[in-house]
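A.B. asks: just to be clear, the model below is a prediction. Sequence and coordinates:
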Amino acid sequence: MNLWTVGILLTVNVKNKQEKKGVVSPFPHNLFFEKRTFVFFSLLFLNLVLVNIVDFFDLSNYFSNPGDGIDFKEDFLFIIVFFGFVIPIFEEFVFRFWVREKISKVILPLVLLILYIVYLDYHWFFNITFVIIFVVHVFYISQNTDKTLIISLLNGAVFAIFHIVNFPVNELVSGFIYFPILFLPQFVLGVFVCFIRKFGFRYSVFYHILYNSLLILIEYVSVSI
């Protein structure tokens, strides 16, 4: 039984209990909601499978692991809170909060993005280039809100580019031919979450939190065995 099957069974069970108790759910009791649940957990399952497939390609000779130096056993609480909740909420606010909303709603996310990039003190050329790319993609999406597939692919690509900051410049230069493999998980995550965003911002946030948290739990179990 995979993740999305479990999700659907839980959803149906909760709905039945609410109906018996006369509880009014904040979600619509209709087929559309069940389809959203199906899509949500199907994409999450595919995302997790993809990460495991990419792990088969050992790129440790070309790129350092951003998680090196982190003790999952000793720092588990911090890791699950920061990387499982804080980072997903921040990234969703910056990259997806404004999607299909008024263009003015991107102002605060853009300011936070710039401050974050400045704080990271990455290469100045990347900083300037990425901000330009981000702004251009924002304007394109704001003018093409009905093109779900295109804006999801574009947003996923920009989201993947953003994760370049996880690696030193010299590693990126020497191992650039492996970019498609290295950034595929981030790209697909960005595409899926942007697609989920059409159901509502809370869905994209929950998806990202669940995705990161499950990866952390899987890693924690693997190092604990």
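C.D. replies: That came through, no problem.
A.B. asks: quick one: find the helix or strand in this protein with the lowest mean pLDDT.
C.D. replies: helix 3-21 (a mean of 46; mean pLDDT, DSSP states H and E).
A.B. asks: which helices and strands does the following helix or strand past it pack with?
C.D. replies: Downstream of helix 3-21, the next assigned helix or strand under DSSP states H and E is helix 31-54. Where contact means 3 or more Cβ pairs under 8 Å, 6 or more residues apart in numbering; DSSP states H and E, helix 31-54 is packed against helix 3-21, helix 184-196, helix 201-224. Where you see a C-beta, it was placed from the backbone N, CA and C, and this is true even at glycine.
A.B. asks: pull up the distance across stretch 72-90, start to finish.
C.D. replies: Using Cα to Cα, to the nearest Å, the end-to-end distance of stretch 72-90 comes to 22 Å.
A.B. asks: can you list the buried residues in that stretch?
C.D. replies: 72, 76, 79-80, 83-84, 88 (16 or more other Cβ atoms under 10 Å).
A.B. asks: dump those to TSV, plus distance to residue 140, secondary structure and pLDDT.
C.D. replies: As requested, those are arranged in TSV below (distance: Cβ to Cβ, whole Å; DSSP: H, G, I helix; E, B strand; the rest coil; pLDDT from 0 to 100):
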residue	distance to residue 140	secondary structure	pLDDT
72	39	coil	74
76	40	helix	89
79	35	helix	92
80	35	helix	94
83	30	helix	94
84	31	helix	96
88	24	helix	97
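A.B. asks: three-state assignment of residue 145?
C.D. replies: Following DSSP: H, G, I helix; E, B strand; the rest coil, the label given to residue 145 is coil.
A.B. asks: name the nearest residue to it, sequence neighbours excluded.
C.D. replies: Excluding the flanking residues, the one nearest residue 145 by Cβ to Cβ, 6 or more residues apart in numbering is residue 100, at 5.0 Å.
A.B. asks: wait, doesn't that neighbour sit right on residue 147?
C.D. replies: No: under the criterion of Cβ atoms under 8 Å, residue 100 is not in contact with residue 147, lying 11.0 Å apart.
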